[in-house]
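J.: I need the structure of the sequence given here:
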Amino acid sequence: MEKAVSRSILVGIIVGSLALTSAFAADALKMKITTDIPPGIAMPDKVETRLGTLNFFDGFPDKPTRIYPLSQAANPPANNFVNVSDRAFCTVAPADYRFWELLNDVVQNEPIASLDPVSLGFFAAIGIEKGKPFAPDERMKKILHEAAAVGDATARTLTYQSRIPEAFYYPNSTWRQWLGGYKFESQPGVAYLDAAAFFYFYATGVTPAMEAKMVGKGSQYAVGIVDSNGNALDGGKTYRLHLLPNVPAKDFWSAIVYDNQTRSMLQTDQDFPQVSSLDRGVVTNKDGSVDVYFGPKAPEGKEHNWIQTIPGKGWNMLFRLYGPLEPWFDKTWRLNEIELVN
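T.: Numbering: from 1, shown residues only. Take a look at the predicted model:
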């Protein structure tokens with residue numbers, strides 16, 4: 001009984017740890033800055049990327065941005081840009097004992113005020129405390145290893161098999177949405193743990209602009225995990241997403257495919273596993289609608305509307321709207337389901 005209780009507590013810790021940057025991290029933004037920031041150094045309002053505009057806060061620099069330690073402000077080093085676009089590297093968090101080592105690194109290197117007392121108390125209960133060595137014995141390592149695996153499976157289940165009706169954007173639809181605001185609260189002051197676990201397991205980090213409902217600004221997301229019949233998306237089959245005319249996006253829309261296992265973009269022969277309204281050559285139907293295809297091979301004549309998938313590998317997708325317009329929010333424009341093509 002004691003062992004079962006211990007495992008349950010540890011699984012709760014690991015699922016909660018996925019949300020370290022949730023509501024409590026938002027409070028950390030209010031921490032008092034004790035270092036004097038030299039004049040002229042500011043955070044940018046926005047950064048333009050290939051996928052759209054990333055918005056920040058605190059002002060926009062009037063000169064090219066440079067990043068360096070504040071201690072080198074008097075003689076800043078030259079920027080060193082590292083292009084990782086064509087480099088392969090792993091972005092998957094470990095689901096074994098190594099998870100706890102990474103968690104310990106966070107606790108040791110981040111300010112205490114960036115984490116809440118309850119989470120810090122949970123971490124301390126298994127030997128993770130700021131300023132102290134994390135040195136569990138072999139018995140505890142075995143328990144932590146198992147807890148990490150079960151915690152990962154729990155978060156994966158909450159992500160891919162949600163039982164929360166409000167998690168679906170439309171009635172009788174498969175499209176998923178974020179829940180609880182960017183602070184992940186079921187009501188003011190009450191943490192929405194399942195919603196936080198889903199978001200952080202799937203998307204890793206959050207900003208207000210990713211969740212806030214702003215007409216014509218920011219972005220909105222719909223998560224496609226299964227097809228119109230509720231079946232998992234199979235990389236060996238062909239699917240179609242029919243986008244009705246007048247997609248309600250002021251800036252642009254995009255459909256991007258992700259690997260179920262890594263939650264990163266699916267690695268295929270294509271440079272980017274996406275179709276976007278910004279792409280050249282995308283075929284638009286006579287009525288203004290657009291068909292996006294997913295599968296191992298492109299349908300004839302639809303190569304620019306096609307995202308490659310890999311047989312034997314499951315996938316999911318994000319439909320993004322940048323500068324979402326009112327028909328998205330009031331749902332007078334509806335995103336169709338992903339349909340299997342026979």
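J.: got a list of what Leu102 touches?
T.: Listed by CB atoms under 8 Å, 6 or more residues apart in numbering, the contact set of Leu102 reads Ala93, Pro94. C-beta here means a position set from N, CA and C on the backbone, and glycine is covered the same way.
J.: Okay, and it sits in which element?
T.: helix 98-109 (DSSP states H and E).
J.: If you count neighbours, what's buried in the helix or strand hosting Pro327?
T.: Assigned by DSSP H and E, Pro327 belongs to helix 326-329. Across helix 326-329, burial judged by 16 or more other CB atoms under 10 Å covers Pro327, Trp328.
J.: Show me what it is in contact with.
T.: Lys213, Val215, Gln220, Asn246, Pro248, Ala249, Leu321, Trp333.
J.: Recalculate using a threshold of 6 Å.
T.: Applying CB atoms under 6 Å, 6 or more residues apart in numbering, the contact partners of helix 326-329 are Val215, Gln220, Pro248, Leu321, Trp333.
J.: Next, count neighbours for the last one.
T.: It stands for Trp333. Trp333 has 18 neighbours, counted by other CB atoms under 10 Å.
J.: SS state for it?
T.: coil (DSSP: H, G, I helix; E, B strand; the rest coil).
J.: go on, the fourth one?
T.: Using three-state DSSP as the criterion, the local structure at Leu321 reads strand.
J.: Would you confirm that it contacts Trp253?
T.: Yes: contact criterion CB atoms under 6 Å: Leu321 and Trp253 qualify, at 5.3 Å.
J.: next one: phi and psi at the residue most central in space within the chain?
T.: Centroid check for the chain by CA atoms, centre = their mean gives Ala203 as the closest residue, at 1.2 Å. Main-chain torsions, Ala203, degrees, to the nearest 10: phi -110, psi -10.
J.: Distance check, it against Ser219.
T.: 12 Å (CB to CB, to the nearest Å).
J.: try Ile112
T.: 33 Å.
J.: cool, and Ala125?
T.: Counting by CB to CB - Ala125 and Ser219 are separated by 38 Å.
J.: now do Leu158
T.: On the measure of CB to CB, Leu158 and Ser219 end up 23 Å apart.
J.: circling back to that earlier point, more crowded one of Ile112 and Ser219?
T.: Between Ile112 and Ser219, counting by other CB under 10 Å, Ser219 is the more crowded of the two (23 against 11).
J.: rewinding a little: go ahead and produce PDB holding the CA coordinates of the helix holding Pro327.
T.: Taking C-alpha atoms only, helix 326-329 is exported to PDB below (Å, rounded to 0.1, in the frame of the first residue of the first chain):
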ATOM      1  CA  GLU A 326     -14.500  37.200 -35.600                       C
ATOM      2  CA  PRO A 327     -16.000  34.300 -37.700                       C
ATOM      3  CA  TRP A 328     -13.500  32.000 -36.000                       C
ATOM      4  CA  PHE A 329     -14.500  33.100 -32.500                       C
END
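J.: If we ignore the residues flanking it in sequence, what's nearest Ala298?
T.: Trp306 (3.9 Å; CB to CB, 6 or more residues apart in numbering).
J.: And Gly288, by the same measure?
T.: Pro245 (3.3 Å).
J.: And for that neighbour, the neighbour number?
T.: Neighbour tally, Pro245, other CB under 10 Å: 12.
J.: cool, and Asp137?
T.: By other CB under 10 Å, neighbour count at Asp137 equals 8.
J.: again, but for Asn104
T.: By other CB under 10 Å, the burial measure for Asn104, its neighbour count, is 20.
J.: The closest residue to Ala95 other than its chain neighbours - how many residues pack around it?
T.: Among residues not flanking Ala95 along the chain, Asp152 sits closest, at 3.6 Å (CB to CB, 6+ apart). If you count neighbours by other CB under 10 Å, Asp152 ends up with 21.
J.: Does Asp152 belong to a helix, a strand or coil?
T.: Quick answer, by three-state DSSP: Asp152 is helix.
J.: Double-check it against Ala93; I have them as touching.
T.: No: Asp152 is beyond contact range of Ala93, at 7.9 Å (criterion: CB under 6 Å).
J.: Would you map the strands across the chain?
T.: 46-49, 52-55, 185-187, 190-191, 219-224, 239-243, 249-259, 274-276, 290-295, 306-308, 315-324, 338-340 (DSSP state E).
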